[in-house]
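>>> Could you look at this predicted model? Sequence included:
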Amino acid sequence: MRGLAMRGRLNAGLVAGGALVAVVVLAALVSFVWTPYDPTLVDAAAKLHEPGGGHLLGADKFGRDTLSQLMVGARTTLYVGIVAVGIAALLGTPLGVLAGMTPRGWLSELVMRVNDLVFAFPALLLAVMLGAVYGAGTLTAMIAIGVATVPAFARVARAATLQVMVTDYVLAARAAGRRGGAVALRHVLPNISSVLIVQASVSFAIAILAEAALSFLGFGTRPPTPSWGRMLQESQELLFSTPRLALWPGLAVALAVLGFNLLGDGLRDFLDPKLRRIRADG
Amino acid sequence: MTLYLVRRLAVLVASTAVAGVVVFAFMALLPGDPAEIALGVNATPEAVAELRAQFGTDRPPVTQFLDWFGGLAQGDFGTSYVTSAPIGPQISDRLGVTAVLVLGGMAVALAVAVPLGTYAAVHHRDPLGAALSALSQVGIAVPAFLAGILLVFVFAVRAQVLPSGGYVPLAEDPGEWLRSLLLPWLSLGLVQGAVLTRYVRSAVLDVLREDYLRTARAKGRGRTGALWRHGLRNASVPVVTVLGLQLATLLIGAVVVERVFVIPGLGDLLLNGVAGRDLLLVQGVVMVLVAAVLLINFVVDVAYHLLDPRLR
């Protein structure tokens, strides 16, 4: 990351994406110290309260304040995203680097075959299976999304490693007798880090979508913890009378995903325009 | 090509088998004995043992797996521990509904993406081309079930021209069948169409920069003619790959969209199975979905080789 500011120019995607992500992060952080109401507080007097008059965005059928729920929901979303992307990066990166450094070995072949197999288990199916065995919740959702995202990281890390391995400095380091581990740590990882950062941002967007879908189906965050996906699910029965209950969480999901996608694209252009090719191939 | 096909087919069979082991092992991890659960806490040990023998869960796990997996090939998914109904017919009934949902969604996605993506590429310097590109970015950010809720709001709540949910079989009333599927198709297809538009755009952009297209133009073909004759086949190679990945995404998206529109497909069956703790049913549906994803990947790989002669 050294000299990051000097390496590229700010672009529209980076600024817009960064701003959207910053809003989500800020909402989540502020929710730790302040929300307009307790997001889980059931208040019969505020039942389906219209926006305004103390409830800026209104309240749901239990009288729970929508804005407060959205703010704490941002926390849930980020929490799931961070853990899921963390799992995917920590497992996928070493596997991809390993496969990229030994492109013709059986190890590489094994890693890529296992990768293809995991790829056949989308996050939703993993979450349903995990939920059936251990009971559905935030933890099973995070693990499912994380494991399902491993192949994406492994593929991208492998593609980038393959490119780094044929550079002169890696050939020189190997000629000088450096072992594989040292080459991986000193030369490969620092040089593929930009690709991984971009992948993390894009995967974060996918994780947000997956969490929303899982919570919508009842395989994600359990009540009473607020989550955007469950807010959407609860809004569905009132769609005819109170459509705004679907509007706000829907907007939150879409803007957060848009933010992370734009940030990913922006970072790619910012960090290294040449990366376009790697991501397209991976 | 034949050698490639044989090798790729072997990989397909092997990965399906391994996936079967994974699914089976996963469900075997479940705490509790199906026979004990079925009979409740007051059951005598003899009754439990008898039911266990009837279920076949008293046999070694490897035998159980081979029996289950061998049955799959003949469409025998076993008999539910909960409802005592055979699972195979339930799955095949629902598979058709989900397949129609997914293929319709794909058709919508293609109908949106190919013209819009090509236009955005050819006119990438015009405001409209750039606007299309930005719009697709917004489309990607909307999950299919949210698109479904929005479409229900617009077409069922406000305009009241289409039903908000439910499913009418084709044999019963073709008109109503179509009406009941229009919104689900759009929910799945518009979102995937947005994703696909970006890939079509970048594939066509790449082709537009190629020498052979410039040669075709120099020989007097118009821009559209040159693109049609020389560009589309070349642009289709990366798009087909994405299309395959998207088909898998659509399959999973269908699970969620079926919930939004109360459509009796595989997703509905799966979620009902989980709710009713019908484990053999869950195991069967998960296996079908995983096998479908593997099969899609296989078809994509083969199509990729057919489309790109350099890979042969």
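Here it is on my side, so go on.
>>> Which residue is the nearest non-sequential neighbour of the residue nearest the centre of chain B?
Centroid-nearest residue in chain B, with C-alpha atoms, centre = their mean: B:L251, separated by 1.9 Å. Spatial nearest neighbour of B:L251, chain neighbours left out: B:V102 (5.5 Å); criterion: C-beta to C-beta, 6 or more residues apart in numbering or on different chains. All C-beta atoms are positioned from the backbone trio N, CA, C, and that covers glycine.
>>> Tell me the buried residues in the helix or strand where the residue nearest to the centre of chain B lies?
Following DSSP states H and E, one finds B:L251 within helix B:232-261. Buried residues in helix B:232-261, counted by 16 or more other C-beta atoms under 10 Å in any protein chain shown: B:234-261.
>>> picking that back up, which residues touch the residue nearest to the centre of chain B?
Applying C-beta atoms under 8 Å, 6 or more residues apart in numbering or on different chains, we find B:L251 in contact with B:98, B:102, B:289, B:292-293, B:296.
>>> Likewise for B:A248?
A:122, B:292-293, B:296-297.
>>> Now with 6 Å, please.
By C-beta atoms under 6 Å, 6 or more residues apart in numbering or on different chains, B:A248 lies in contact with B:293, B:296.
>>> how deep is B:A47 tucked in, by neighbour count?
14 (other C-beta atoms under 10 Å in any protein chain shown).
>>> so how far is B:E50 from the nearest residue to it once chain neighbours are set aside?
In space, not counting the residues next to it along the chain, B:A47 is nearest to B:L39; the distance is 5.9 Å by C-beta to C-beta, 6+ apart. According to C-beta to C-beta, to the nearest Å, B:L39 and B:E50 sit 10 Å apart.
>>> biggest helix in chain A by residues?
helix A:66-101 (DSSP state H).
>>> Please name every helix or strand in contact with it.
helix A:12-33, helix A:106-119, helix A:138-165, helix A:189-217, helix A:244-271 (3 or more C-beta pairs under 6 Å, 6 or more residues apart in numbering or on different chains; DSSP states H and E).
>>> Might you report the residue contacts of the most centrally placed residue in chain A?
Among the residues of chain A, A:F204 comes closest to the average C-alpha position under C-alpha atoms, centre = their mean, at 1.5 Å. For A:F204, the contacting residues are A:81, A:85, A:260, by C-beta under 6 Å, 6+ apart.
>>> ok, 10 Å please
A:21, A:77-78, A:80-82, A:84-85, A:88, A:149, A:256-257, A:259-261, A:263-264 (C-beta atoms under 10 Å, 6 or more residues apart in numbering or on different chains).
>>> any idea how far it lies from A:I82?
Remark: distance between A:F204 and A:I82 (C-beta to C-beta) = 8 Å.
>>> ditto for B:Y81
39 Å.
>>> repeat for B:V237
B:V237 sits 36 Å away from A:I82 when distances are taken as C-beta to C-beta.
>>> before we move on, what about B:V11?
35 Å.
>>> Show me what the mean pLDDT comes to for stretch B:105-125.
What stretch B:105-125 shows for mean pLDDT is 90.
>>> now stretch A:31-43
Stretch A:31-43 shows an average pLDDT of 82 in the prediction.
>>> what sits up against it?
A:27, A:46, A:49, A:54-57, A:59-76, A:223-226.
>>> Just the buried subset of those residues, please.
Among the contacts of stretch A:31-43, those classed as buried by 16+ other C-beta under 10 Å are A:27, A:46, A:49, A:55, A:57, A:59-60, A:63-76, A:225-226.
>>> check contacts around whichever residue of the stretch 51-200 of chain B sits closest to chain A.
Across the stretch 51-200 of chain B, the shortest distance to chain A (C-beta to the nearest C-beta) belongs to B:A141, at 3.8 Å. Residues near B:A141 by C-beta under 10 Å, 6+ apart: A:20, A:205, A:208-209, A:253-262, B:191, B:194.
>>> so how far is B:L3 from it?
From B:A141 to B:L3 the distance is 43 Å (C-beta to C-beta).
>>> where are the low-confidence patches of chain B?
B:30-32, B:309-312 (pLDDT under 70).
>>> Break it into its domains for me.
Annotated domains of chain B cover B:2-87, B:94-311 [automatic domain parsing].
>>> Nearest spatial neighbour of A:V170, chain-adjacent residues omitted?
Spatially, and ignoring its direct neighbours in sequence, A:V170 is nearest to A:H187 (5.2 Å; C-beta to C-beta, 6+ apart).
>>> swap in A:R268?
Distance criterion C-beta to C-beta, 6+ apart; nearest residue to A:R268, sequence neighbours excluded, is A:V198 at 4.6 Å.
>>> correct me, but the one you found touches A:A152?
No - counting by C-beta atoms under 10 Å, A:V198 does not reach A:A152; the two are 11.4 Å apart.
>>> So for these two, which sits in the more crowded spot?
Shown here are A:V198 and A:A152; by other C-beta under 10 Å, A:V198 has more neighbours (25 against 20).
>>> The more buried one and A:L209: what is the separation?
18 Å.
>>> Surely A:R186 is in contact with A:R178?
Yes - between A:R186 and A:R178 there is a contact under C-beta under 10 Å: 7.5 Å.
>>> Need the overlap of contacts for the two.
Common neighbours of A:R186 and A:R178 are listed as A:V170 (criterion: C-beta under 10 Å, 6+ apart).
>>> hmm, back to that, which one's more surrounded, B:Y81 and A:I82?
B:Y81 (20 against 14).
>>> now the more buried one, nearest residue through space, not along the chain?
Closest to B:Y81 by C-beta to C-beta, 6+ apart is B:P34, at 4.3 Å.
>>> what about B:E50, how many neighbours?
Using other C-beta under 10 Å: B:E50 sits among 15 other residues.
>>> And the one 4 residues further on, by the same measure?
Each residue near B:Q54 was counted by other C-beta under 10 Å, and the total is 14.
>>> what sits against it?
Neighbours of B:Q54 in contact, by C-beta under 10 Å, 6+ apart: B:35, B:38, B:79, B:81, B:84.
>>> repeat that with 8 Å
Taking C-beta under 8 Å, 6+ apart, we find B:Q54 in contact with no residue.
>>> ditto for A:S235
A:S235 sits in contact with A:60, A:242-243, A:245-246, A:249, B:149, where contact means C-beta under 8 Å, 6+ apart.
>>> Likewise for B:V11?
By C-beta under 8 Å, 6+ apart, the residues touching B:V11 are A:113, B:298.
>>> let's see it at 10 Å
Residues near B:V11 by C-beta under 10 Å, 6+ apart: A:113, A:116, B:294, B:297-298, B:301.
>>> ok, now B:L101?
B:167, B:181, B:184-185, B:187-188, B:250-251, B:253-255, B:257-258, B:261, B:263, B:265-267.
>>> And the helices in chain B?
Going by DSSP H, chain B shows helices at B:2-28, B:34-39, B:45-55, B:61-73, B:87-122, B:127-140, B:144-151, B:174-208, B:211-218, B:223-226, B:232-261, B:266-275, B:279-307.
>>> Identify all contacting residues around the fourth one.
Outside helix B:61-73, the residues within contact range by C-beta under 10 Å, 6+ apart are B:16-17, B:20-21, B:23-25, B:27-28, B:55-60, B:76-78, B:87-88, B:280, B:283-284, B:287-288, B:291.
>>> Also compute the angle for it relative to helix B:2-28, please.
130 degrees (axes from the mean of the first three to the mean of the last three C-alpha atoms, to 10 degrees).
>>> how distant is helix B:61-73 from the center of its chain?
Distance, stretch centre to chain centre, for helix B:61-73: 25 Å (C-alpha atoms, centre = their mean, to the nearest Å).
>>> next one: the third one
For helix B:45-55, the distance from its own C-alpha centre to the chain's C-alpha centre is 39 Å (C-alpha atoms, centre = their mean).
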